[in-house]
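Trainee: Pasting the sequence and the predicted coordinates here, then a few questions.
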Amino acid sequence: MTFQAPKGTFDWMPPRSEWALAVRDALAEPARRAGYGYIETPAFEDTALFSRGVGESTDIVTKEMYTFTSRGGQSLTLRPEGTASVMRAVLEHGLYGGPLPIKLWYSGSYFRYERAQAGRYRHFSQVGAEALGAEDPALDAELIVLAMDGYASLGLRGVRLLLNSLGCKECRPAYRAALQDFLRGLDLDEPTRNRIEINPLRVLDDKRPEVRAQLENAPLVTDHLCGACKAYHEEVRGLLTAAGVAYEDDPRLVRGLDYYTRTTFEFLHDGLGAQSAVGGGGRYDGLSEQIGGPALPSVGWALGVDRTVLAMEAEGLLAERPRGVEVFAVPLGEDARRRVFPLVSELRRAGLAVDMAFGGRGVKGAMKAADRSGARYALILGDRDIEAGAVQVKDLTTADQTAVPLAEVVQFLKGKLS
Ligand code: ATP
Ligand code: MG
């Protein structure tokens, strides 16, 4: 019997897997340089953390969670997103009593029982950043700039930023009521009608064309913002422009999670088809209180690693081979293998990326392996070389070969490859 990865999941395999790592690093790097500390939380949490934190009426909670009962009888859920866990950890460790804002970044696996398709998986990977405990438009703008810088550092040119404000607890209720009035007059199916009563903003996020067509004249949240929300939003926009980040106002942009207030944003890439969001986030001033904490206004984002690799592919950025080995050693015979092995170890300790032929497949197989490895140089050692105290260094791009004294190989290759 053989096995396959479960539906909606896949394996990252070399050499493509190098890009997953590179993307994770690149997306996190700007946040690390901006003072965000690394946080790692468990891959599962109390189910109630997500049902209360993410929101009872969201697709995530109603349809997409991997929930199970532990052997101890507790209901646990594989994390569908990162923000609720970060907030839980901050509250649990009492960090809100210290200096604010608390800036954290993370990266890991997330799980949602989704309809599997290109760019939409049941197990996927995100890099996230959160700034908790401050209400400051510069913090919202900082996070957006950091994400855009991360995408840009990967060479991506096609990432667009959509921006909106969802208002606050002062102005949202009036907008919500106006939107409900409008939506109740539309021709919608039963589940959507129910959604109007529980979470009407989410109806604006409906992707079905027949629903979208009816939403043309829906009231816009931006026309209902209170003075404070308007000023806050203007400030965020001004700071983005000052930092050289272009955005598109999208008054219909809402998020799939319940806890968002004020600033809301999404990063889109047009090379991805229907699953076009490579990242998203916003301000979530109410989350802490929703899960039993003190008022802790916060803002954050989560960027999709898998879709970012797909976006890079769409822009032709995966063509260049990611860094593999630089040197490949080919021992000719047993004695040579015993001598090459410590040399390979020494070269690696000197900082070079080195591999060698294993499995005793003969010269031809070993030279083929050297070529396939992508190495620039092959180190070939035979009996005659051992007698001469030298090793053949072959440049695999030009086929030039020179004998280098064994004692000088490390320096020689370091010089060539630096
Ligand atoms: P979408 O509208 O595509 O469902 P979302 O609003 O559910 O996205 P978030 O919860 O904000 O997404 O997650 C942030 C990012 O994580 C997304 O922009 C996307 O790049 C990525 N992401 C979310 N769900 C998946 C998934 N099922 N498979 C792959 N990537 C995902
Ligand atoms: Mg989703």
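Mentor: Noted; the coordinates are in hand. Ligands and ions are numbered 1, 2, ... in the order given.
Trainee: neighbouring contacts of the helix or strand containing E18?
Mentor: With elements taken from DSSP states H and E, the one containing E18 is helix 17-33. With C-beta atoms under 8 Å, 6 or more residues apart in numbering as the test, helix 17-33 has contacts from 12, 38, 103, 105, 107, 125, 127, 129, 145-147, 149-151, 153-154, 303, 305-306, 308-309, 312, 318, 322-323. All C-beta atoms are positioned from the backbone trio N, CA, C, and that covers glycine.
Trainee: Quick one: distance of that helix to the chain centre.
Mentor: If you compare the mean C-alpha spot of helix 17-33 with that of the full chain, they lie 8 Å apart, counting by C-alpha atoms, centre = their mean, to the nearest Å.
Trainee: Of all residues in the stretch 1-150 of the chain, which one is closest to ligand 1?
Mentor: F124 (3.5 Å; C-beta to the nearest ligand atom).
Trainee: Same check on the stretch 251-400 of the chain?
Mentor: Counting by C-beta to the nearest ligand atom, the stretch 251-400 of the chain gets nearest ligand 1 through G304, at 2.2 Å.
Trainee: was I right about that residue contacting G281?
Mentor: No: here G304 does not reach G281: they are 11.5 Å apart, not a contact under C-beta atoms under 8 Å.
Trainee: if we can go back for a sec, quick one: average confidence on the helix holding E18?
Mentor: Summarised as a single mean, pLDDT over helix 17-33 is 97.
Trainee: where along the stretch 251-400 of the chain do the strands fall?
Mentor: 261-269, 277-283, 298-304, 327-331, 354-356, 377-381, 390-395 (DSSP state E, counting those that start in this stretch).
Trainee: can you list contacts of the third one?
Mentor: Looking back up the chat, that one is strand 298-304. Contacts of strand 298-304 (C-beta under 8 Å, 6+ apart): 27, 81-83, 86-87, 101, 124-134, 139-140, 143-144, 147, 150, 263, 265, 267, 277-285, 287-288.
Trainee: Narrow the residues you listed to those in helices?
Mentor: Taking DSSP state H, the ones among these that sit in helices are L27, T83, V86, M87, L139, D140, L143, I144, A147, G150, L287, S288.
Trainee: Adding distance to ligand 1, write the residues you listed out as CSV.
Mentor: What follows is the ones in helices among the contacts of strand 298-304, written out as CSV (distance: C-beta to the nearest ligand atom, whole Å):
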residue, distance to ligand 1
L27, 11
T83, 9
V86, 14
M87, 15
L139, 19
D140, 16
L143, 13
I144, 14
A147, 11
G150, 13
L287, 14
S288, 19
